[in-house]
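Asker: This is a predicted model, with the sequence first.
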Amino acid sequence: MGNLLYWIIGLALIFDFINGFHDAANSIATVVSTKVLSPLSAVIWAASFNFIAYWVFELHVADTVSKVVKPEGLSLTVIGAGLLAAIFWNLITWWKGIPSSSSHTLVGGFAGAGIAFAGFDIVKLDKVMPMIYFIVLAPLIGMFMGNLISVITINICKKFTPSKVDKVFRRLQLISAAAYSLGHGGNDAQKVMGIIAAAYIANGTITDIHGLPLWVPFACYSAIAIGTMFGGWRIVKTMGQKITKLTPFEGFSAETAGAITLFGTGYLGIPVSTTHTITGSIIGVGITKRVSAVRWGLTFNIIWAWVLTIPVTAIIAMLFYHILMYCGL
C-alpha cells in the first residue's frame, strides 16, 4: 500500500508538471503576443509568480478538490485512475493545441474513477456543481471584467498619444502578468495538493487537508513552476495570436481581468479553469474594438473542448480504473 501511495504522489506531481507547461499559455500568452517579453523571459516571469503563490493563498481550493469523492469512495486505485486519465487528456489537448481545462480534467478523472468504483452517489455534488457552473461563469466574468477594464482604460488614456500609451502599458503589463500568474499558481497547484491529500486520507495517513506534510505544497508549487518554465508554445499561439490581436494595453486589461477573477474564486475555494478565465478575458477585450475582432469560429471550437472535458475524462478514468483493477492494484 505504501509503494502505491508513492506512485500516486509521483503521478500527481507529473500531472502538476504537465499542467504547468499545458497552462503556460494562460500566464504568458498575452505578454508574449504583445512582445512585452520574449518567450523565455515570460516563462521565467510566470514560473516565479506561480511559485510565490505558495505564500499568498490559503488551501481553500485544495480542500474542495480533496472532497470531490465521498470518504467511503476513496481508494488509491480510484485516485490513480483519475490521475492517469487527467494526464492522458492533458497530453492529447496539448498536442492538438487545444486550451482545455486542467482543472476540469483532474476533477472529471477523479469523479469518473469514483463512479466506476461505487456508482454516481459517491460523488459529492455540492463540491462538483460549483465547478460545473463556473464552466460558464468563469469566462463570462472574465469577459465582463476584460471589457470593463478596457473601456475604463480607453477613457483614461484618450488624451495621450498612442506611443505614450504603448510605453506605459508595456511596463504595466509586467504587473498584470505577475498578478495573473500568482492567481494561476494559487488555483492550479492547489488542485494537485487536494488530490495528494485525498491519497493520504485513503491510505489512512491523515484525516484532512491540514494534515498534509509541509513538503507537499512546496513540491506542488515547484512542479507547476518548472512545468511553466518548459512552456506550452502550441497553446500560446492559439491563445495569444488566434483569438484576437492584442496591444500592450489590451494585454494588461485581459490579464488584470483574469487575475481579479482568479483571486475571487480562489478566496471562495472554487477550482475554476484558468484557461476559461483568460480566454473570456481576451474575448472581452477583443469585443471592445468590435465584435468581428474576435475569431468566433476558433472560439466556439475551444468552448466545445470545455464542455467535453469533464465527461470525456470521466469515461477515460473509468477505463483506467478497470485496467488497474484487472492488474490487481
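Answerer: Here it is on my side, so go on. What you are looking at is a predicted structure, and each value in this text was computed from that prediction instead of being measured.
Asker: how far is the helix or strand hosting residue 311 from where the chain is centred?
Answerer: Of the helices and strands defined by DSSP states H and E, residue 311 is found in helix 296-326. In this view, helix 296-326 has its centroid 15 Å away from the chain centroid, taken as C-alpha atoms, centre = their mean, to the nearest Å.
Asker: how many neighbours does residue 152 have?
Answerer: The local packing count at residue 152 equals 11, with neighbours defined by other C-beta atoms under 10 Å. Using the backbone N, CA and C atoms, a C-beta is placed for each residue, glycine as well.
Asker: nope, residue 278 is what I was after
Answerer: Residue 278: 34 surrounding residues under other C-beta under 10 Å.
Asker: Over to residue 124?
Answerer: Neighbouring residues of residue 124 were enumerated by other C-beta under 10 Å; the total is 17.
Asker: I'd assumed residue 67 was in contact with it.
Answerer: Yes. If you go by C-beta atoms under 8 Å, residue 124 and residue 67 touch, sitting 5.7 Å apart.
Asker: For residue 45, give me the pLDDT.
Answerer: Looking at residue 45, its pLDDT stands at 87.
Asker: I meant residue 241, not that one.
Answerer: Note for residue 241: predicted pLDDT of 50.
Asker: Now do the contacts for the closest residue to residue 206 other than its chain neighbours.
Answerer: The spatially closest residue to residue 206, leaving aside those adjacent along the chain, is residue 200, at 4.6 Å (C-beta to C-beta, 6 or more residues apart in numbering). Contacts of residue 200 were listed using C-beta atoms under 8 Å, 6 or more residues apart in numbering, and they are 5, 206, 211, 212.
Asker: And those residues, which two are furthest apart?
Answerer: 5 and 211 (14.1 Å; C-beta to C-beta).
Asker: Looking at these two, which one has more neighbours?
Answerer: residue 5 (19 against 11).
Asker: lowest average confidence, helix or strand, in this structure?
Answerer: The helix or strand of the chain with the poorest confidence is helix 233-237; it has a mean of 56 (mean pLDDT, DSSP states H and E).
Asker: I'd like the next helix or strand past it.
Answerer: Next in sequence after helix 233-237, counting helices and strands by DSSP H and E, comes helix 248-268.
Asker: one step back: of the contacts of residue 200, which is the nearest to residue 173?
Answerer: Taking these together and measuring to residue 173 by C-beta to C-beta, the closest member is residue 212, at 35.2 Å.
Asker: List the residues that contact the nearest residue to that closest one once chain neighbours are set aside.
Answerer: For residue 212, ignoring the flanking residues on the chain, the nearest one in space by C-beta to C-beta, 6+ apart is residue 197 at 5.4 Å. Under the criterion of C-beta under 8 Å, 6+ apart, the neighbours of residue 197 are 62, 63, 66, 206, 208, 209, 211, 212, 216.
Asker: tell me the least confident of those?
Answerer: The member of those with the lowest pLDDT is residue 208, at 85.
Asker: show me where pLDDT drops low in the chain?
Answerer: Within the chain, the stretches falling below the threshold (pLDDT under 70) are 1-2, 23-27, 97, 99, 231-245, 290-302.
Asker: All the helices of it, in order from the start?
Answerer: In the chain, the segments counted as helices under DSSP state H are 2-22, 24-33, 39-52, 60-66, 76-95, 102-118, 125-157, 162-202, 215-230, 233-237, 248-268, 274-289, 296-326.
Asker: Which stretch among these is buried most, on average?
Answerer: With neighbours taken as mean count of other C-beta atoms under 10 Å, these reach their highest mean count in helix 24-33, at a mean of 30.
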